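**Student:** Build me a model:
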Amino acid sequence: MRIHHIGWAVSSLGEHHDHFAGQLGLPYEGVEKFPTLSVAFYDAGSCLIELLEATDPSDDVAHFVRRRGEGIHHLAYVVDDVAEALREAGVRGLRLIDHRPRPGARGTQIGFVDPQRPDGVLVEYVQLPPDPSPFSTSATNGEM
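**Tutor:** So this is what the prediction gives:
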């Protein structure tokens, strides 16, 4: 498995854009909006950085930021088959957050596994779409 992206929970995408794009010089690849979440993408070379901003206080990312503060929320690994990766994780005794794949950003299928440690980071399995660009570019390249 290789790392696809690092999910970073923030309270405001705009407040972090200058750091990731300006100070770190990571190319900004756009933002994708979901009903309770906005996700901004930055190309870090061999993987993406995903900034996650909850737009609804009931979203899991909002709970994370309130409980732990801003920071690394999850590590995402590319897998050939999310359903199979989740099944194998369950067989190994890991607690599944998602029991079946669900739609993710940029046309992916995803599934989350609980780290089962208070200091742990969530694990996300990512199945890329059939013909993805290096990072699958369906996000809008709009302004931050």
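
**Student:** immediately after the helix or strand hosting residue 111, which helix or strand?
**Tutor:** Element membership for residue 111 (DSSP states H and E) is strand 109-113. Proceeding N to C from strand 109-113, the next assigned helix or strand is strand 122-127, under DSSP H and E.

**Student:** Let me know the pLDDT of residue 130.
**Tutor:** Residue 130 carries a pLDDT score of 86 in this model.

**Student:** which SS state does it fall under?
**Tutor:** Under the three-state scheme (DSSP: H, G, I helix; E, B strand; the rest coil), residue 130 adopts coil.

**Student:** One more: residue 17?
**Tutor:** Applying three-state DSSP: residue 17 is helix.

**Student:** From residue 101, how far out is residue 20?
**Tutor:** Distance of residue 20 to residue 101, given as Cβ to Cβ, to the nearest Å: 28 Å. From N, CA and C alone the C-beta is placed, and that goes for glycine too.

**Student:** Among these two, which residue is more densely surrounded?
**Tutor:** residue 20 (22 against 19; other Cβ atoms under 10 Å).

**Student:** wait, that one sits on residue 42?
**Tutor:** Yes: between residue 20 and residue 42 there is a contact at 4.8 Å, judged by Cβ atoms under 8 Å.

**Student:** which residues do the two both contact?
**Tutor:** 26, 28, 49, 51 (Cβ atoms under 8 Å, 6 or more residues apart in numbering).
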